[in-house]
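Chemist: Give me a 3D structure for the following:
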Amino acid sequence: MSRWLLVVICFVGVGLMNTPSFAKYERCGDPPILVQDKSKESSSIVTNLDGKASALSKLIGSAELGGQIRTDRETIYKNNPPAEAQRQEAYLAYVFCTLLEDSNADLTAKMKALQEFRKPLSSNDVPKATVVYLRDQVTAAVIRAREEAEKGRTKAAAFPQREVGRLLSKVVEVESKAYEGFLNKTNDGHSLHWGPLDGEKMECCGGWFYTGQLSNGRPNGYGKLDGPAFTMYASFTDGNPGGFGCRDDRADDFLVRICGTFPGDGTIGYPTGIVSFTVIMDGLVLQEALGDGNPNGYLEGNGIIRTLGDVPQIGDAPKIPSGTRFEGQLTADNKSGYYGIGYDPDGSFYEGQWVDDVFQGYGRRQEANGRVSEGIWSRGKLQGSLAKNEN
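Modeler: Numbering: from 1, shown residues only. Sure, this is the predicted structure:
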């Protein structure tokens, strides 16, 4: 994900060999990695599952398909340890999906076939040991997610929100005095650029443009530094931004305001510590995030992200409806620090493991109607799973 969009959402080893022949099946997700050796036993497992998937594909459109899918999945769980069973089930689902893509069956038959594979198995369909294993893993992931979410809320609450308004007001005040001094051809400790006033020339230093308080011909005090791609609001000491400040990064049709503590080390970088990110488009605040910031301008650690207005699709990032929220671990703005809670506008939520903004790993999702699904998630979809409280 881009730094600019904070877009709201680990079991990455599930599945098949990553060969070029599977590249065209994007709707089936990433090819899982089932085996990592070339032993006869591993080859036999792959051949067996490929055969099952092929046989299932011949039943597309038939009333027998649902029952056979259920039988094959149950057999996998009864004959293998829990983790291996989940890998084999994910492999079978992927290969079946690729065969479905190549099928000449009509769209309705294909959709019904996919729905059959996505039905979660109940606790009566798999061995008790597997049920206990899955639920233990899900419970541990949910507990960890709640802990990380609480840390995120704590970090967000510690951000000095009032300092943002105070800083911007002070910069506006000194900016006004700088313009007044320029128009009157005076220098009363404020300037429109870095260096002595020079008639109508108000730019210097390769496109950088400073407005604010001066001392000894350098920025000292509050001011605004404009560059080709961003604007910085801060308190300067001998030309260096330090202390609490904000930076506006401009990209495409939106702006990201990042506020926090500048290091004061002579670099024109990003604020760190507990920071706030605000995504603004057409003057409207669409998203806000608070948490640990790193020197590269990313959230990394614990924090929260909330969407305050509908975010349109930008580049590869999906549309995000107003009212979504995430609390937990963040890594480079992607929720792949693994644990957290994501809330949807309708009241449904997911708690557990994440990778790149989607459910990935062990977790539990509760829908707005109270239905709960838990188990292994891959690319936002249930793999080895258990259903509870179905309405």
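Chemist: Three-state assignment for G266, please.
Modeler: At G266 the chain is in coil, as set by DSSP: H, G, I helix; E, B strand; the rest coil.
Chemist: what's the neighbour count on it?
Modeler: 12 (other CB atoms under 10 Å). C-beta: built from backbone N, CA, C; applies to glycine.
Chemist: With Q383 instead?
Modeler: 21.
Chemist: Nearest residue to it in space, please, no chain neighbours.
Modeler: Nearest residue to Q383 in three dimensions, chain neighbours excluded: I376, at 4.4 Å (CB to CB, 6 or more residues apart in numbering).
Chemist: Give the next helix or strand downstream of the helix or strand hosting G51.
Modeler: Using DSSP states H and E, G51 maps to helix 40-57. Per DSSP H and E, the first helix or strand lying C-terminal to helix 40-57 is helix 65-79.
Chemist: pLDDT of that next one, averaged?
Modeler: For helix 65-79, mean pLDDT rounds to 86.
Chemist: still on that earlier bit, so how far is T71 from the residue nearest to Q383?
Modeler: 20 Å (CB to CB, to the nearest Å).
Chemist: Show me which of those two is the more surrounded one.
Modeler: Ranked by neighbour count (other CB under 10 Å), I376 and T71 place I376 first, with 28 against 12.
Chemist: so the more buried one sits in a helix?
Modeler: No. Secondary structure of I376 (three-state DSSP): strand, not part of a helix.
Chemist: which element follows the lengthiest helix in the chain toward the C-terminus?
Modeler: The residue-count maximum for a helix in the chain (DSSP state H) belongs to helix 128-158. Counting by DSSP H and E, the next helix or strand C-terminal to helix 128-158 is helix 161-183.
Chemist: how far does that next one sit from the chain's center?
Modeler: 35 Å (CA atoms, centre = their mean, to the nearest Å).
Chemist: what do you get for stretch 87-101?
Modeler: The answer for stretch 87-101 is 26 Å, by CA atoms, centre = their mean.
Chemist: I'd like the average pLDDT over it.
Modeler: 82.
Chemist: Can I get that stretch as PDB, trimmed to CA atoms?
Modeler: Extracted in PDB, the C-alpha atoms of stretch 87-101 (Å, rounded to 0.1, in the frame of the first residue of the first chain):
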ATOM      1  CA  ARG A  87      -3.000 -27.000   3.700                       C
ATOM      2  CA  GLN A  88      -4.500 -29.900   1.700                       C
ATOM      3  CA  GLU A  89      -7.900 -28.300   1.800                       C
ATOM      4  CA  ALA A  90      -6.600 -25.000   0.600                       C
ATOM      5  CA  TYR A  91      -4.700 -26.800  -2.200                       C
ATOM      6  CA  LEU A  92      -7.900 -28.700  -3.300                       C
ATOM      7  CA  ALA A  93      -9.900 -25.500  -3.200                       C
ATOM      8  CA  TYR A  94      -7.400 -23.600  -5.400                       C
ATOM      9  CA  VAL A  95      -7.000 -26.300  -8.000                       C
ATOM     10  CA  PHE A  96     -10.800 -26.700  -8.200                       C
ATOM     11  CA  CYS A  97     -11.100 -23.000  -8.700                       C
ATOM     12  CA  THR A  98      -8.700 -23.000 -11.600                       C
ATOM     13  CA  LEU A  99     -10.600 -25.900 -13.300                       C
ATOM     14  CA  LEU A 100     -13.800 -24.000 -12.700                       C
ATOM     15  CA  GLU A 101     -12.300 -20.900 -14.500                       C
END
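Chemist: Tell me the buried residues in it?
Modeler: For stretch 87-101, burial by neighbour count (16 or more other CB atoms under 10 Å) applies to 87-100.
Chemist: next one: stretch 341-353
Modeler: So stretch 341-353, judged by 16+ other CB under 10 Å, has buried residues 341-344, 349-353.
Chemist: now for that stretch, what's the gap between its first and last residues?
Modeler: Terminal residues of stretch 341-353 lie 9 Å apart, using CA to CA, to the nearest Å.
Chemist: how many other residues sit next to the closest residue to A55 other than its chain neighbours?
Modeler: In this structure, A55 finds its nearest non-sequential neighbour in Q68, 7.6 Å apart by CB to CB, 6+ apart. Using other CB under 10 Å, Q68 has 16 neighbouring residues.
Chemist: ok, now the one 5 residues further on?
Modeler: Around R73 there are 23 other residues, counting by other CB under 10 Å.
Chemist: same question, the one 5 residues further on
Modeler: Other residues near K78 number 12, with proximity taken as other CB under 10 Å.
Chemist: Beta-bridge partners for V372, please?
Modeler: Counting by DSSP bridges, V372 forms beta bridges with Q366, K388.
Chemist: Touching, it and Q366? I think so.
Modeler: Yes. Using CB atoms under 8 Å, V372 is in contact with Q366, at 5.0 Å.
Chemist: Is F277 part of a helix or strand, or is it coil?
Modeler: strand.
Chemist: That one and R153: what is the separation?
Modeler: The value you get for F277 to R153, if CB to CB is used, is 16 Å.
Chemist: which of the two has more neighbours?
Modeler: Comparing F277 with R153 by other CB under 10 Å, the one with more neighbours is F277, at 26 against 17.
Chemist: now the more buried one: how far from W354?
Modeler: According to CB to CB, F277 and W354 sit 18 Å apart.
Chemist: okay, and the helix or strand of this protein with the least pLDDT?
Modeler: Using mean pLDDT, DSSP states H and E, strand 190-191 stands out as the lowest-scoring helix or strand of the chain, at a mean of 48.
Chemist: Am I right that the residue nearest to Q383 is in contact with Q86?
Modeler: Yes. The pair I376 / Q86 is scored as a contact, 5.3 Å apart, by CB under 8 Å.
Chemist: wait, Q68 sits on K58?
Modeler: No. Contact between Q68 and K58 fails when scored by CB under 8 Å: they sit 9.9 Å apart.
Chemist: per-residue pLDDT, R162?
Modeler: For R162, pLDDT reads 91.
Chemist: show me the contacts for it.
Modeler: Residues in contact with R162 (CB atoms under 8 Å, 6 or more residues apart in numbering): none are found.
Chemist: Thanks a lot, see you next time.
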